[in-house]
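>>> Give the three-dimensional model of this entry:
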Amino acid sequence: MTRTMSLTMTLTRNPRLVNFVFLVFSATLTNAQFRCPDEKGFFADPQQCDLYYFCNEEGHAEERLCKDGLVFRDDNPKKDFCDLPANVPCGDRTLLQEPQSSKLCPRANGYFKHEDPDSCDKFVNCIDGVGSVMSCPPGLVYEDKMSSCVWAQDSTRLCDANKREILDDGFSCPEGDVAGPQGRILPHPTYPHPEDCAKFYICRNGVVPQKGQCENQTVYNEESFRCTDPELVQGCEDYYKQRN
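Model (predicted):
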């Protein structure tokens with residue numbers, strides 16, 4: 001059996017190997033065809049968006065490759081810069097290197113959707129193959145095409161960004177703005193606990209509930225939105241006396 005026949009049979013049995021050989025062949029052909037322009041600088045490969053070349057004064061092309069997940073930004077030949085795909089119009093440069101995927105990360109670098117489709121407000125930040133789950137600011141959802149958090153109406157995803165979180169005791173942040181003592185809208189309004197004078201709730205950005213606790217010998221005052229002396233809060237004057 002000749003080497004050619006042996007290779008043909010191997011490729012026939014392994015379609016993934018066929019794809020790999022094709023990509024290697026395509027890249028080799030592209031490198032051989034690439035010609036540096038007259039100027040020195042960094043220039044994009046015409047077919048592969050994360051592949052580019054450094055051309056020196058003699059017109060010699062040195063092949064370079066962005067980190068997996070990033071692509072070459074070709075708007076300035078004097079800059080050696082790889083960026084997120086959302087920031088770079090690749091156009092006809094549709095080829096990319098083989099993904100170096102890992103847990104949580106489809107590619108080694110970049111921002112990606114959370115694996116739970118219902119977690120619209122969460123995304124994964126991947127750096128060299130290490131993924132960290134992060135959250136959008138309250139009221140926003142992650143948009144994969146833009147690699148950023150956006151308002152729900154600007155997203156292509158069907159997400160309920162206004163879904164109210166509920167604490168284990170049943171509290172959720174009421175809708176609507178809350179005006180403070182000077183009439184200004186409170187960015188993080190607080191609310192009294194229905195049964196405990198020394199406890200209260202904080203609504204971060206008006207939508208994310210969190211439990212609060214006054215310091216010893218003080219109780220929550222819903223008129224001033226702060227913890228004060230028990231004698232200043234009707235119904236809570238004897239709070240600490242009753243607990244002793």
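
>>> low-scoring stretches of this structure, by residue?
In the prediction, the chain carries residues with pLDDT under 70 at positions 1-32, 160-164, 244.

>>> In it, what residue spans correspond to helices?
3-13, 15-33, 239-243 (DSSP state H).

>>> For burial, what's the neighbour tally of Arg64?
Using other CB atoms under 10 Å, Arg64 is surrounded by 15 other residues. No exception for glycine: its C-beta is placed from N, CA and C like everyone else's.

>>> Just to check, it is in contact with Asp50?
No. Using CB atoms under 8 Å, Arg64 is not in contact with Asp50, being 9.6 Å away.

>>> can you list the domains in this protein?
3-87, 99-163, 164-244 (automatic domain parsing).

>>> Make JSON lines out of those domains and add distance to Arg93.
JSON lines is the format used below for the domains of the chain (distance: least, CB to CB, whole Å):
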{"stretch": "domain 3-87", "distance to Arg93": "4"}
{"stretch": "domain 99-163", "distance to Arg93": "16"}
{"stretch": "domain 164-244", "distance to Arg93": "40"}
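
>>> Correct me if wrong: Pro99 contacts Asp50.
No. If you go by CB under 8 Å, Pro99 and Asp50 don't touch, sitting 10.9 Å apart.

>>> quick one: common contacting residues for these two?
Here Pro99 and Asp50 have Asp68 as joint contacts, going by CB atoms under 8 Å, 6 or more residues apart in numbering.

>>> Between the two, which is the more surrounded one?
Asp50 (24 against 12).

>>> Give me the distance between that one and Pro37.
20 Å (CB to CB, to the nearest Å).

>>> And for Tyr239?
79 Å.

>>> Compare these two and say which one has the larger neighbour count.
Between Tyr239 and Pro37, Tyr239 has the larger neighbour count (other CB under 10 Å), namely 17 against 10.

>>> what's the neighbour count on the closest residue in space to that one that isn't next to it in sequence?
Of all residues not flanking Tyr239 in the chain, Cys197 sits nearest, at 4.4 Å (CB to CB, 6 or more residues apart in numbering). Residues lying near Cys197 (other CB under 10 Å) number 23.

>>> what bridges to Leu95?
As for beta bridges, Leu95 partners with Gln48 under DSSP bridges.

>>> from what I can see it touches Pro46, true?
No. Here Leu95 does not reach Pro46: they are 9.8 Å apart, not a contact under CB under 8 Å.

>>> More neighbours: these two, which one.
Using other CB under 10 Å, the more surrounded residue of Leu95 and Pro46 is Leu95, with 17 against 13.

>>> any idea how far Asp121 is from that one?
33 Å.

>>> Kindly report the same for Tyr201.
In terms of CB to CB, Tyr201 sits 20 Å off from Asp121.

>>> quick one, what contacts Ser101?
Neighbour list for Ser101: Arg107, Ala108 [criterion: CB under 8 Å, 6+ apart].

>>> what do you get if the cut-off is 7 Å, keeping everything else the same?
Arg107 (CB atoms under 7 Å, 6 or more residues apart in numbering).

>>> and what of Tyr220?
Pro192, Cys197, Ala198, Lys199, Phe200, Cys214, Cys227.

>>> so of the residues you listed, which ones are in strands?
Within the contacts of Tyr220, membership in strands is found for Pro192, Lys199, Phe200, Cys227, as judged by DSSP state E.

>>> neighbours of the closest residue to the last one other than its chain neighbours, just the number please.
In this case it means Cys227. Counting by CB to CB, 6+ apart, Cys227 lies nearest to Cys214, which is 3.7 Å off, once chain neighbours are set aside. Cys214 has 20 neighbours, counted by other CB under 10 Å.
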